[in-house]
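K.L.:
Sequence below, structure please.
(one chain, ligands or ions: 2)
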Amino acid sequence: MTIKRVAILGSTGSIGVNTLDVIRAHPDRFKVAALTAGKQIDRLAQQCAEFKPAIAVVADADGATRLMQILLDQKINTQVLYGPQALVSAVTDSGCDTVMAAIVGAAGLVPTLAAAKAGKRVLLANKEALVMSGNLFMQAMKGGGGELLPIDSEHNAIFQCLPPQFSKTPNPSLGVEELWLTASGGPFRNTPLEQLGDITPDQACAHPNWVMGRKISVDSATMMNKGLEVIEAFWLFGLPLEKIKVLIHPQSVVHSMVRYRDGSVIAQLGQPDMRTPIAYGLAWPERIEAGVAQLNLTQLAALSFSEPDLARFPCLSLAFAAAKAGGTAPTVLNAANEIAVAAFLNEGMPYLDISSVVDKTLNAIPVSGADSIEYILDIDIQARKVARDCIKSISP
Ligand code: NAD
Ligand code: MG
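P.N.:
Ligands and ions are numbered 1, 2, ... in the order given. Okay, the predicted model is just below:
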């Protein structure tokens, strides 16, 4: 068996740690080529001591000095780099063939794109990259000739439920009619609307079924996450937007479904544990042990499904509108959402203002063509500035 060499962008986060958990169980299949983190130096140092990557990357020079010192003391021979360009080096210079793209937010775009262009197997968790630059990213994957495997549980489920030929030749005779993305509805699915004004960050991050990073947890509470996932599915699978549907499914057992022309609906079921899609992506087309408990169907009381309530989840409507508008609108949506979620998590901005900030920012920036990465990054900066001004005007 040839050993796969894996670079993990965002190794100290929730997806990164789960990826290392799967890799740890299969030393005969995987080696770690590079690890990258933002600011969690101690956790990254522990990971370097265990997995001995060729390259480790952190966000800034201070962090790099600290990490270098720890690794030197332990005689660990890992090259330490820092800054955004070093994230690209982790992909291109570490000798990896597989890249787990698990940095949260727009910060993941450039290195993930580098992985696509370099023809790596890209395990895509960072949905924001695809939302910002779907068309260019898919072109880069095509040009690089690597494999793209979705890790987001819904998209991984759909990938598993589609016919194997589908992603290469979306052919009408395969009979794929609709994609159904499931959503738990988050912690506030049934909270009385008048109580949403007082939601705290810890309440918003207490997801009923999944343990995730804080940003995606807030996105799940507002259902912006599902909106971003609709855009992600649009680019990954190439179906028209009106054929991508969202269903509330509070149990998070059915991870998503594909409806076929002949009346068949094929679903993927499993525990809400990201190690399943991660193991799938790492080993594809083989299947390996993921360390996940078996699903016991007889212990599940019921599986239920309903339509999402758009009045409760205005972020979902905003994402649908941005998806429909196309061009730079999803980039603006994503940037405004990142700023608004950070203001809610770190600066006491009220929960209900997240959707107003995104709405106002979308209205302030006219939609144009998303034709180059430079332009997309410019729009991203512009949208962040508008969103910040908007937050100041709401709560000066
Ligand atoms: P997280 O916050 O737990 O981890 C984020 C990682 O990115 C950390 O390693 C952090 O150090 C790194 N990072 C953050 N900002 C950075 C920057 N500016 N430069 C370099 N590194 C930076 O997030 P997560 O929950 O693991 O999510 C990661 C990505 O995967 C997100 O895009 C999320 O939408 C997606 N995703 C996560 C889950 C999940 O279950 N956690 C499921 C589906 C998709
Ligand atoms: Mg998901």
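K.L.:
For residue 188, see how far away the closest residue to ligand 1 within the chain is.
P.N.:
The chain approaches ligand 1 most closely through residue 13 (1.9 Å), counting by CB to the nearest ligand atom. (Glycine included, C-beta is placed from N, CA and C.) Residue 13 sits 24 Å away from residue 188, going by CB to CB, to the nearest Å.
K.L.:
now swap in residue 164 and tell me
P.N.:
Per CB to CB, residue 164 is found 38 Å from residue 188.
K.L.:
more crowded one of the two?
P.N.:
Using other CB atoms under 10 Å, the more surrounded residue of residue 164 and residue 188 is residue 188, with 21 against 9.
K.L.:
my read is residue 35 is in a strand, agree?
P.N.:
Yes. Counting by DSSP: H, G, I helix; E, B strand; the rest coil, residue 35 is part of a strand.
K.L.:
which residues does it bridge with?
P.N.:
Applying DSSP bridges to residue 35 gives these bridge partners: residue 8, residue 56.
K.L.:
all helices of the stretch 251-396 of the chain, in order?
P.N.:
If DSSP state H, counting those that start in this stretch is used as the criterion, the helices of the stretch 251-396 of the chain fall at 275-283, 314-325, 329-347, 353-364, 373-394.
K.L.:
same for the fourth one, what does it pack against?
P.N.:
Put plainly, it is helix 353-364. Applying 3 or more CB pairs under 8 Å, 6 or more residues apart in numbering; DSSP states H and E, we find helix 353-364 packed against helix 214-222, helix 314-325, helix 329-347, helix 373-394.
K.L.:
Alpha carbons of the third one, as PDB, please.
P.N.:
Okay, so that is helix 329-347. The C-alpha coordinates for helix 329-347 follow below in PDB (Å, rounded to 0.1, in the frame of the first residue of the first chain):
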ATOM      1  CA  ALA A 329     -22.800  38.400  -3.800                       C
ATOM      2  CA  PRO A 330     -21.800  35.200  -2.100                       C
ATOM      3  CA  THR A 331     -18.300  36.700  -1.300                       C
ATOM      4  CA  VAL A 332     -20.000  39.700   0.300                       C
ATOM      5  CA  LEU A 333     -22.400  37.500   2.200                       C
ATOM      6  CA  ASN A 334     -19.600  35.400   3.500                       C
ATOM      7  CA  ALA A 335     -17.400  38.400   4.500                       C
ATOM      8  CA  ALA A 336     -20.200  40.300   6.200                       C
ATOM      9  CA  ASN A 337     -21.200  37.100   8.100                       C
ATOM     10  CA  GLU A 338     -17.700  36.500   9.300                       C
ATOM     11  CA  ILE A 339     -17.500  40.000  10.700                       C
ATOM     12  CA  ALA A 340     -20.900  39.900  12.200                       C
ATOM     13  CA  VAL A 341     -20.300  36.500  13.900                       C
ATOM     14  CA  ALA A 342     -17.000  37.700  15.300                       C
ATOM     15  CA  ALA A 343     -18.700  40.800  16.700                       C
ATOM     16  CA  PHE A 344     -21.400  38.600  18.300                       C
ATOM     17  CA  LEU A 345     -18.800  36.200  19.700                       C
ATOM     18  CA  ASN A 346     -16.200  38.700  20.900                       C
ATOM     19  CA  GLU A 347     -17.800  42.200  21.200                       C
END
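K.L.:
near ligand 1, anything from it?
P.N.:
No. Using CB under 6 Å from any ligand atom, we find that helix 329-347 stays clear of ligand 1, coming within 10.3 Å at best.
K.L.:
and that helix, what other elements does it pack with?
P.N.:
Secondary-structure packing of helix 329-347 (3+ CB pairs under 8 Å, 6+ apart): helix 127-144, helix 201-205, helix 214-222, helix 224-237, helix 314-325, helix 353-364, helix 373-394.
K.L.:
Residue of the stretch 201-350 of the chain nearest ligand 2, please.
P.N.:
Per CB to the ion, residue 229 is where the stretch 201-350 of the chain lies closest to ligand 2, at 5.5 Å.
K.L.:
from what I can see residue 156 touches residue 148, true?
P.N.:
No. Using CB atoms under 8 Å, residue 156 is not in contact with residue 148, being 11.5 Å away.
K.L.:
that older thread, closest to residue 3 out of the helices of the stretch 251-396 of the chain?
P.N.:
Evaluated over the helices of the stretch 251-396 of the chain, closeness to residue 3 peaks at helix 275-283, with 11.8 Å, by CB to CB.
K.L.:
same for the closest one, what does it pack against?
P.N.:
helix 14-24, strand 98-101, strand 121-124, strand 148-150, helix 153-161.
K.L.:
What residues of the helix or strand just after the last one count as buried?
P.N.:
In this case it means helix 153-161. Going down the chain from helix 153-161, the next helix or strand is strand 176-183, by DSSP states H and E. By neighbour count on 16 or more other CB atoms under 10 Å, the buried set for strand 176-183 is 176, 179, 180, 181, 182, 183.
K.L.:
wait, the third one sits on residue 256?
P.N.:
Yes. Assessed by CB under 8 Å, residue 180 is found in contact with residue 256 at 6.2 Å.
K.L.:
for ligand 1, what are the nearby residues on the stretch 201-350 of the chain?
P.N.:
Residues of the stretch 201-350 of the chain that fall close to ligand 1, judged by CB under 6 Å from any ligand atom: 210, 212, 213, 215, 216, 274.
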